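Engineer: what shape does this take:
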Amino acid sequence: MIQQLLIVFARPIHTLIASVVGVTVFTVAVWLPNLILIGTVLTSNTATVIEKVQILISLYGGIATNFTIVSALYTILIAILFGAYSSLLVYYIRTVQTKSNDAVPVSAFGVGGVVSGFFGVGCAACGTFILTSLLTFSGASTFLILLPFGGQEFGFLGVGLLAYAVYSLLKKMNQPPVCSI
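Structural biologist: Purely as a prediction, here's the structure:
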């Protein structure tokens with residue numbers, strides 16, 4: 001499987017896909033708790049474009065200050081795994097070109113991992129950002145109190161699902177593209 005990873009990422013386009021997707025997922029995760037600030041900065045008439053960009057870049061530092069070590073770690077892992085998964089999936093679709101629906105369950109694990117991971121995104125002060133907002137809206141915010149890690153389980157689940165999706169996709173890539181009799 002490591003050999004398959006080296007084959008895929010030896011191609012610059014797949015490394016680029018993994019990097020762009022990973023950085024995008026990381027950016028969304030880090031900027032999500034600051035959406036109001038980002039909106040205010042971007043619509044400000046007094047700040048220059050350079051100042052706006054500097055503020056947006058400075059928000060990446062929130063991974064060290066607003067996240068716990070555990071939540072920062074699984075946020076980074078989710079970004080890396082989803083970037084790798086996206087690149088592997090593109091490679092798989094382009095090279096194997098199977099006519100069956102074998103890629104559907106693997107894709108479901110990947111999407112499920114990202115969705116679950118984003119439910120666990122949060123900072124040290126406010127806990128899991130999305131999950132808390134959704135549960136407060138539905139009146140079930142006490143659900144988080146019952147969880148042993150305060151909702152960070154969704155981040156762990158996201159990492160697990162994405163790791164399994166990458167593993168499954170690599171396993172499929174090593175199989176011959178014909179039916180076994």
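
Engineer: contacts, neighbours, all on C-alpha from now
Structural biologist: OK.

Engineer: run a quick neighbour tally on the nearest residue to residue 89 once chain neighbours are set aside.
Structural biologist: In space, not counting the residues next to it along the chain, residue 89 is nearest to residue 169; the distance is 7.3 Å by C-alpha to C-alpha, 6 or more residues apart in numbering. Residue 169 is flanked by 22 other residues according to other C-alpha atoms under 10 Å.

Engineer: equivalent analysis for residue 38, please.
Structural biologist: Neighbour count of residue 38, defined by other C-alpha under 10 Å: 17.

Engineer: what residues are up against it?
Structural biologist: 31, 56 (C-alpha atoms under 8 Å, 6 or more residues apart in numbering).

Engineer: any idea how far it lies from residue 46?
Structural biologist: 14 Å (C-alpha to C-alpha, to the nearest Å).

Engineer: so, low pLDDT: which residues of this protein?
Structural biologist: By pLDDT under 70, the low-scoring segments of the chain are 96-151, 176-181.

Engineer: go with 80
Structural biologist: 1, 96-154, 174-181 (pLDDT under 80).

Engineer: flag every buried residue along the helix ranked longest in it.
Structural biologist: Of all segments of type helix in the chain, defined using DSSP state H, the longest is helix 69-96. Residues 71-72, 74-89, 91-92 are the ones in helix 69-96 that count as buried (16 or more other C-alpha atoms under 10 Å).
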